[in-house]
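Undergrad: coordinates only, sequence not included:
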Ligand SMILES: Cc1cc2nc3c(=O)[nH]c(=O)nc-3n(C[C@H](O)[C@H](O)[C@H](O)COP(=O)(O)OP(=O)(O)OC[C@H]3O[C@@H](n4cnc5c(N)ncnc54)[C@H](O)[C@@H]3O)c2cc1C
Ligand code: SF4
């Protein structure tokens, strides 16, 4: 059983009083025990939608920050896609200067409460951390993300954040398509420069995948709302239920509505399917649809939501990424008795974050490795009643560097399921490309952009995030939004 939040806090308080006033050398700092993240008990959390990780206490964050060696070469910064001054913000956190700490982060990253929760730190900053290297174990690295989360939450909850200053109005008007992290960061940076910014969101709620994809139990929606409210306070207008390409085309925005430049952050929201028999039966969902029903339409709030909850008992989730984990863990919370992740390779090759896999296991999600779906079957009413799977073995490495699954003939077997969730990835939304002349895309439908500026092949239009990178990460989307905003600002200043 995990230690409780109170127990972890008490241990940290004790340590803090022992360490107070001492000058520690690097070896002594590295010996300070890593602070465990308190979490809701698995048996409890699987029955609610609230956040699993409860966050460090004040004492825990200070003890964890003291583990940092303040390396002169700052290797962790090289692992951060937006080059946050990590040692500097950790040094302030160790002293309890949380407002200053978050100010340092915000010079490079606009969404620390979000990134502290969802960034894959173990393959970014924490992978390069000297403490992890000393122990030859990335899990022993300084918990950079947890410290980031704490200081950002602290600043938000104690109203320590300042709404950024806005420069004098320039009279230039910018359209931002989408309201995901790429668009949020582009909009904030453009507005700061004094441009008028209007965001257009196809859905009735803003926030992109942060709201409709990543579940509440990993990223509370109130945090995303807070960031969107900050934008509104800065003077950004957000128009919801507005599908660019249908309601208005990009050319309408530029030629008729007076926008001087456009940023497209329309994401990768087009679910991929496998093309196997039975994918149209009742009870087969894309992970996108399944998660949207739960996150955005609150299907789990039985009696309150207009979206009906699909009555699942035995659920198969195809895929091994974060999206598959989110879908499986959501299915458990929606009441399914048995949820199984079906993955073609082994756990080693699974792209999901280790922490998410561990949480899923703790919550009772089962894993069927080295199995691939062949077809989905249904009863006479067209409702899913089973899946045919074939056993695989690992073959040679493929282009991704992972060993590819090889099906073993004759190993086909039927399994009973009433729900199938397909979580094998997403492609770019094709609508804007299809309705805009001059935008070039690669064979996957991702916009082609200048790597330095994020400008598309159409003059006056920039793009960033998943629409350019394919399904990627929040921090990369945010980085591209900022890069594009910088180039857009130069363009607008010269016009
Ligand atoms: C379930 C799930 C879990 C994930 N977990 C993580 C994680 O733990 N960590 C991590 O770093 N990344 C994670 N990701 C990936 C991450 O969320 C994305 O890389 C990121 O959100 C991309 O940001 P974006 O701004 O490019 O687009 P999005 O967040 O996709 O936002 C695009 C927005 O544009 C809107 N839109 C699209 N077309 C139009 C149009 N024509 N007109 C108007 N609006 C339009 C969409 O409705 C959407 O709101 C996850 C993704 C999913 C699906
Ligand atoms: S590499 Fe690790 S120990 Fe060194 S400064 Fe960065 S966080 Fe601190």
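TA: Received it, and whenever you're ready, just let me know what you need. As the structure is a computational prediction, the values presented were derived from the model and not from experiment. Ligands and ions are numbered 1, 2, ... in the order given.
Undergrad: only C-alpha atoms for contact and neighbour calcs from this point on.
TA: OK.
Undergrad: which residues sit in contact with the closest residue to ligand 2 within the stretch 351-495 of the chain?
TA: Nearest residue of the stretch 351-495 of the chain to ligand 2: residue 475, at 18.0 Å (C-alpha to the nearest ligand atom). Shown in contact with residue 475 (C-alpha atoms under 8 Å, 6 or more residues apart in numbering): 81, 82, 115, 119, 181.
Undergrad: Which residue is the nearest non-sequential neighbour of the residue in the stretch 201-350 of the chain positioned nearest to ligand 1?
TA: Residue of the stretch 201-350 of the chain nearest ligand 1, by C-alpha to the nearest ligand atom: residue 208 (3.1 Å). Leaving aside its sequence neighbours, residue 208 sits nearest to residue 180 (C-alpha to C-alpha, 6 or more residues apart in numbering; 4.0 Å).
Undergrad: Can you point out the buried residues in stretch 254-268?
TA: 254, 259, 260, 261, 262, 263, 264, 265, 266, 267, 268 (16 or more other C-alpha atoms under 10 Å).
Undergrad: Wait, the first one touches residue 248, no?
TA: No - Residue 254 sits out of contact with residue 248 when judged by C-alpha atoms under 8 Å, with a separation of 10.2 Å.
Undergrad: Which strands or helices does the longest strand along the chain pack on?
TA: Of all the segments assigned as strand in the chain under DSSP state E, the longest by residue count is strand 384-397. In terms of contacts (3 or more C-alpha pairs under 8 Å, 6 or more residues apart in numbering; DSSP states H and E), strand 384-397 is packed against strand 371-378, strand 403-407, strand 413-415, strand 419-422.
Undergrad: Pretty sure residue 291 sits against residue 212.
TA: Yes - Residue 291 is within contact range of residue 212, at 6.7 Å (criterion: C-alpha under 8 Å).
Undergrad: residue boundaries of the strands in the stretch 101-250 of the chain?
TA: Secondary structure of the stretch 101-250 of the chain (DSSP state E, counting those that start in this stretch): strands located at 173-177, 196-200, 237-239.
Undergrad: Among those strands, which comes closest to ligand 2?
TA: strand 173-177 (34.9 Å).
Undergrad: Report the buried residues of that closest one.
TA: Applying 16+ other C-alpha under 10 Å to strand 173-177 flags 173, 174, 175, 176, 177 as buried.
Undergrad: who does the third one bridge with?
TA: By that I understand residue 175. residue 198, residue 262 (DSSP bridges).
Undergrad: residue contacts, it?
TA: 197, 198, 199, 200, 253, 259, 261, 262, 263.
Undergrad: If we use 6 Å, what do you get?
TA: Residues near residue 175 by C-alpha atoms under 6 Å, 6 or more residues apart in numbering: 198, 199, 262.
Undergrad: does the last one really touch residue 461, like I thought?
TA: Yes - here residue 262 lies in contact with residue 461, judged by C-alpha atoms under 6 Å, at a distance of 4.8 Å.
Undergrad: Spell out which residues of the stretch 151-300 of the chain are next to ligand 1.
TA: 177-183, 200-203, 206-210, 213-214, 242-245, 265-269 (C-alpha under 6 Å from any ligand atom).
Undergrad: quick one on the thing from earlier: any idea how far the residue of the stretch 201-350 of the chain closest to ligand 1 is from residue 179?
TA: 5 Å (C-alpha to C-alpha, to the nearest Å).
Undergrad: Comparing those two, which shows the higher neighbour count?
TA: The neighbour comparison of residue 208 against residue 179 (other C-alpha atoms under 10 Å) goes to residue 179, with 31 against 24.
Undergrad: can you give me phi and psi for the more buried one?
TA: The phi/psi pair for residue 179 (degrees, to the nearest 10) reads phi -130, psi 30.
Undergrad: Show the pLDDT at the residue lying closest to it once chain neighbours are set aside.
TA: Nearest residue to residue 179, sequence neighbours excluded (C-alpha to C-alpha, 6+ apart): residue 207, at 5.0 Å. Note on residue 207: pLDDT of 97.
Undergrad: Residue 207: how many residues sit nearby?
TA: Neighbour tally, residue 207, other C-alpha under 10 Å: 21.
Undergrad: Go ahead and confirm it touches residue 178.
TA: No - Residue 207 is beyond contact range of residue 178, at 8.1 Å (criterion: C-alpha under 6 Å).
Undergrad: so who does residue 93 touch?
TA: residue 101.
Undergrad: The host helix or strand of it near ligand 2 anywhere?
TA: Assessed by DSSP states H and E, residue 93 sits inside helix 86-94. Yes - contact of helix 86-94 with ligand 2 (C-alpha under 6 Å from any ligand atom) involves residue 87.
Undergrad: State the mean pLDDT of that helix.
TA: 97.
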